[in-house]
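Asks: model the following, please.
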Amino acid sequence: QVQLVESGGGLVQPGGSLRLSCLASGFTFSSYAMSWYRQAPGKERELVAIITSVGGSTNYADSVKGRFTISRDNAKNTVYLQMNSLKPEDTAVYYCNARRSSLGRDYWGQGTQVTVSS
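Replies: The predicted structure follows:
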């Protein structure tokens, strides 16, 4: 069955770094666009970063541009989110998403908590 398993979240001080990983299984990873979303308490889920299936083009929310980097390793069925210069407002549950719009497929992970606090 399809699984997206996030890891790498935790507590970090402002200005620190974390790297999130999302291990995928049960579908053809290389054919899917991969994204990271986040949801803070009392707020709607928002797109943080996306990387395409072909060519690996990336796009970022304005709030994280220059600080976060999304990447993928198709050989390992894994997508990463490198987060640098973290701010308290980055605190949220981060979710991994796999999407193949042409097939109407949309998968979500269970989320990993990121807390930025001193």
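Asks: quick one: pLDDT of the most far-flung residue of the chain relative to its centre?
Replies: Distance from the centre of the chain peaks at Ser118, with 23.4 Å (Cα atoms, centre = their mean). pLDDT for Ser118: 95.
Asks: neighbours of the nearest residue to Arg100 once chain neighbours are set aside, how many?
Replies: Among residues not flanking Arg100 along the chain, Tyr32 sits closest, at 4.9 Å (Cβ to Cβ, 6 or more residues apart in numbering). C-betas here are computed from N, CA, C, even on glycine. Neighbour count of Tyr32, defined by other Cβ atoms under 10 Å: 23.
Asks: thought Tyr32 was touching Cys96?
Replies: No: using Cβ atoms under 8 Å, Tyr32 is not in contact with Cys96, being 10.9 Å away.
Asks: so what sits against both of the two?
Replies: Both Tyr32 and Cys96 are contacted by Ala24, under the criterion Cβ atoms under 8 Å, 6 or more residues apart in numbering.
Asks: need the contact list for the closest residue to the residue farthest from the centre of the chain other than its chain neighbours.
Replies: Distances taken as Cβ to Cβ, 6+ apart put Gln13 closest to Ser118, at 5.4 Å, once the chain neighbours are dropped. Contact partners of Gln13, counting by Cβ under 8 Å, 6+ apart, are 116-118.
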